[in-house]
Each structure stands twice: as structure tokens, then as C-alpha cells.
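Asker: sharing a model prediction with you, sequence too.
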Amino acid sequence: MGQYRELLQLTEDQRNELSRWAQSRTLAAGDVFRARLILALADGWSYSQMIEKLQTSAPTISRWKQRFAQDGIAGLDPRHKGSRPRVADAQVQARIARKTQQRPADGSTHWSCRKMAQALQLSKSTVQRVWAQARLKPHRLDRYMASDDPRFEEKAADIIGLYMNPPQHAAVFCVDEKTAIQALDRLDPVLPLSPGRAERHGFEYYRHGTLSLYAALDVKTGQVQGMTAARHTSQEFIAFVEGLVARTPWAREIHVVLDNLSAHKTKDVERFLAEHPQVRFHFTPTYSSWLNQVELWCAKIQRDVIRRGVFKSVADLGNQLRKYIRAYSKSAKPFRWTYTDLTRRIRANKIAGTAY
């Protein structure tokens, strides 16, 4: 085998074409291999050299040498094209689509491709192809919230109008509460992050107690005013709003956007509003808290402070919350809402009489 030196004769065009194949980074690996094999034969390589350097075998070299000698470059095309993918007919596709919209008989909430394949006596690959073609995704779940407020458009327009074009000499605040924030302390020490390793918390914790946080976002400046309280009643809420009024003496009107919590609509609150005619409440439509800009900030403090926080006491929790609010307000900027998907504008649901 090592003495085999018969050379293949290549034309200039064949050598140029095979050289281009051999150096290609985009052709299939098999085409590149076969081009290198033929060029090696033309350059006088022995079979033993080719077996070692090209990681192949003598029968493979002989087969492609013979095909090239008979048909030239066309003989280097692979003869086996692979099996054609099986295509489910319309009846099978309809069965899979109809079954996907039904609940599995075993009590589970949705189908997997293997479970569906077993139920219909098909291959899982067939189920996957049909699901991909029909854009069926039984493993996905999207949630939505529909408002049943008959005055949805009126209330939403009122609040958005305050954001877009507030009255002159008026302050606009978005108010909300985060209730029952837990002061959790880890029983095991926190292991700090290091290269290649995330910060680690022990599984066990100790609950010191809970705290409520009242927050008011100034729509114009983006600054936040906060107050912590041990309880969550209308008295604490009134005390918080009174603080807003005291800290905004320049405002001829104070507009407060808030949700429909029962603590916001007690007789004590009504009495407070009667005593302070410059304060006006704007309630968001039911199930539409996303219209309240302070919800964005509440999500931020949840991520930045509460979710991974370790608090030695309720007082420590309160100190951390107030510290964050002070630091945030120093560089605060107002939220700017933009529509990026025109299909998700506020619109009425004509069928159910609700709005999304």
C-alpha cells in the first residue's frame, strides 16, 4: 500500500476548482474532504500518507479515485442523498391540531410532543413538525387582564391626560403601597460572588416581621417620596398624603393617581378630601394598575432591594428602603412611555364589554 504511486491527471480547470473546494469554509465537510483526497492523489501521496493525514481508509480512497476517473468532478457528488423527510398529510395535521386544543386524558394541563405522539401513534418528530408549521406552542402560556370597569376609557383618558398635559401650577403624584414586605434574615452566612461563581444564599431564613411601604412618584421629575408603616390602614394612608401636601406648598392643585383599594375610599379619606379641596384623587380603572406609573418604580425596588435583601430586623428593612429612595431621587428621571407595538394600544373589547 505504501508503494502505490499512480498519479491522477488533472486539467488546470479541475485543479483550480478542487483547490477552491479544499479551501472553502462554507461548503459541506464531505465536499472539502473529497477535494483534498483527489488533490493528494494528483500530488503523488501514497495511500498510507492519505490514511494518516486525512483520517480515512484505503477502500474510501479507491472508491472516490475510481469515480473521479470515470466522471471527473461530477463523480465526487455523493450517491446517497439521504432519506426524504416524511410529510404528514392534511388529515394527520388536522388530528394533531384538534387533539392539541383538548386537555390530555391523564389530568395534565398541556401536551408534550412525546405524549401527543404516544396518544396518536405517531413519531415525536412528526408532531414537532406539525406544531412548528401550525405555530402551536402548548408549552407556552400567556396571561392577560381584562378590565370590567364600564368607565374604562373615561378613567384611562383622564389619567393619561395628566401624564401628557398636566395642569399649570399643579403637582401630579402616582401613589401605591407595597404591603407586608418581609424582613427576612438568612440563618447561614451569605457567600459573596467571585469569578465564575454567583452570590449564594442559604436556603433557611428567619422572618423578623413585615413592613408596609407607601410611595409617591412625582410624574414631572421622577422623584419618589416614601413612608414606611407597621400597619396598612386608611389612617396611615391619610398621614402619607398629608405629608405630600405639606411638602408641596407651591401647588395650587395636587392630583393623585391611585388604585381602588378599600383603604383609599373610607369616610376618613372623604373627610380629608373635603378639608383639602386642592387634592384630587384619580382612580385607575379596575384591574388596570399598569396605568399607574409608580408600579414601574415598585417593580424596580423589588428587584434592587427586597428580592435579595438580608435584613436583621424590621427597623433594618425600613432603613434600607428609605436609603434606596433617597439615593434614587438624587438622579431620578421621569418615565417616558412609548408605544412599540401598535396592536397593543388601549382598546375596548366589544364582545365582552371590557377593555384591555
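Answerer: Looks like it came in fine. Numbers count the residues shown, from 1 in each chain.
Asker: where along the chain do the strands fall?
Answerer: 170-186, 205-218, 224-229, 253-258, 279-283, 348-349, 354-355 (DSSP state E).
Asker: for these, which one sits closest to Trp337?
Answerer: Closest approach to Trp337 among those is made by strand 170-186 (12.2 Å; Cβ to Cβ). To be clear about C-beta, it is placed using only N, CA and C from the backbone, and glycine gets the same treatment.
Asker: that closest one pairs with which strands?
Answerer: strand 205-218 (antiparallel), strand 253-258 (parallel) (DSSP bridges).
Asker: mind saving the C-alpha coords of the last one as PDB?
Answerer: So the one you mean is strand 253-258. These are the backbone C-alpha positions of strand 253-258, laid out as PDB (Å, rounded to 0.1, in the frame of the first residue of the first chain):
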ATOM      1  CA  GLU A 253     -53.700  71.600  42.700                       C
ATOM      2  CA  ILE A 254     -52.400  68.200  43.800                       C
ATOM      3  CA  HIS A 255     -53.500  65.300  41.600                       C
ATOM      4  CA  VAL A 256     -53.100  61.800  43.000                       C
ATOM      5  CA  VAL A 257     -53.300  58.700  40.700                       C
ATOM      6  CA  LEU A 258     -54.100  55.600  42.800                       C
END
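Asker: and that strand, average pLDDT?
Answerer: Model confidence over strand 253-258 averages 94 on the pLDDT scale.
Asker: how far out from the middle of the chain is that strand?
Answerer: If you compare the mean C-alpha spot of strand 253-258 with that of the full chain, they lie 33 Å apart, counting by Cα atoms, centre = their mean, to the nearest Å.
Asker: ditto for the longest one
Answerer: Chain-centre distance of strand 205-218: 27 Å, with Cα atoms, centre = their mean.
Asker: could the strands paired with strand 170-186 go into a markdown table alongside mean neighbour count and distance to Asp188?
Answerer: Written out in a markdown table, the entries for the strands paired with strand 170-186 read as follows (neighbours: other Cβ atoms under 10 Å; distance: least, Cβ to Cβ, whole Å):
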| stretch | mean neighbour count | distance to Asp188 |
| --- | --- | --- |
| strand 205-218 | 19 | 9 |
| strand 253-258 | 20 | 40 |
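Asker: between these, which one is closest to Val190.
Answerer: Of all the strands paired with strand 170-186, strand 205-218 sits nearest to Val190, with 11.2 Å by Cβ to Cβ.
Asker: what ranges in the stretch 51-200 of the chain fall below the confidence cut-off?
Answerer: Regions of the stretch 51-200 of the chain meeting the criterion pLDDT under 70 cover residues 81-86.
Asker: in this protein, what residue spans correspond to helices?
Answerer: Assigned by DSSP state H, the helices in the chain fall at 12-22, 29-42, 47-53, 58-71, 90-100, 113-120, 124-134, 152-164, 234-246, 267-275, 294-301, 314-330.
Asker: so for Ser288, which of those sits nearest?
Answerer: Relative to Ser288, the nearest member of the helices of the chain by Cβ to Cβ is helix 152-164, separated by 7.0 Å.
Asker: quick one: low-confidence residue ranges for the stretch 201-350 of the chain.
Answerer: Using pLDDT under 70 as the threshold, the predicted model of the stretch 201-350 of the chain has low-confidence ranges 338-350.
Asker: re the thing from before, Lys220: which of the helices of the chain is closest?
Answerer: helix 152-164 (9.7 Å).
Asker: which positions in the closest one come out as buried?
Answerer: By neighbour count, with 16 or more other Cβ atoms under 10 Å as the criterion, the buried positions of helix 152-164 are 152, 155-156, 158-159, 162-163.
Asker: all set, thanks.
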